[in-house]
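Novice: generate a structure from the sequence data that follows.
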Amino acid sequence: MNILIQRIVVLSFVAFLSASLSACSADCGWNGRAEAFIDMNADGIRGSGEPALAGVVVHVEDTLGQTGYGGRPETPSDGRASLNFFIPCNENIEFVVLAEAPPGYELTTPGRVELGSESEKTAIFGFRARK
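Specialist: Residues are numbered from 1 along each chain as shown. This is a model prediction of the structure:
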């Protein structure tokens with residue numbers, strides 16, 4: 001009878017441990033995007049005919065000011081940068097995307113866009129040539 005009880009206890013512990021590890025130790029991916037464009041009329045809205053802007057460095061920080069999420073990608077010729085990284089699944093972290101104007105340009109939109117905790121959102125940044 002003792003052997004049967006020991007086996008039940010061991011099996012119960014293994015089941016509990018497996019469930020706990022699968023719930024707590026996994027990481028989740030956060031995916032966002034940034035788009036940069038030349039805001040020819042400086043209205044802060046991308047209109048038709050306003051081209052993409054390459055060379056904009058973007059980065060992500062959380063709303064507590066912690067940095068280092070997803071590196072510092074630079075927009076290529078299509079003006080779009082992907083922001084992808086892992087975070088703990090059991091934390092609700094709010095994210096902010098920031099853009100740095102390339103040489104000769106200045107922002108026409110806020111340089112800081114709050115995207116929240118949900119993935120698959122896009123931060124859009126407009127720039128005009130510095131006068």
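Novice: show me how far the longest strand along the chain is from its chain's centre.
Specialist: Ordering each strand of the chain by length in residues (DSSP state E) puts strand 27-38 first. Relative to the chain's own centre, strand 27-38 is displaced by 5 Å; criterion: Cα atoms, centre = their mean, to the nearest Å.
Novice: now do it: which elements does it pack against?
Specialist: Counting by 3 or more Cβ pairs under 8 Å, 6 or more residues apart in numbering; DSSP states H and E, the packing neighbours recorded for strand 27-38 are strand 57-62, strand 80-88, strand 95-100, strand 121-129. For every residue, glycine as well, the C-beta is placed using N, CA and C.
Novice: the second one pairs with which strands?
Specialist: When you say that, I think you mean strand 80-88. According to DSSP bridges, strand 80-88 forms sheet pairs with strand 27-38 (antiparallel).
Novice: buried residues of the partner strand, list them for me.
Specialist: 30, 32-38 (16 or more other Cβ atoms under 10 Å).
Novice: which one of the residues you listed is nearest residue 121?
Specialist: Checking the buried residues of strand 27-38 against residue 121 by Cβ to Cβ gives residue 32 as the nearest, at 5.5 Å.
Novice: residue contacts, the residue nearest to the closest one when sequence neighbours are not counted?
Specialist: In space, and not counting its chain neighbours, residue 32 is closest to residue 83: 4.3 Å by Cβ to Cβ, 6 or more residues apart in numbering. If a contact means Cβ atoms under 8 Å, 6 or more residues apart in numbering, then residue 83 has 30-34, 58, 60, 69-70, 73, 97 as its contacts.
Novice: residue 51: which of these is nearest?
Specialist: Closest to residue 51, out of all of the contacts of residue 83 and judged by Cβ to Cβ, is residue 34, at 16.0 Å.
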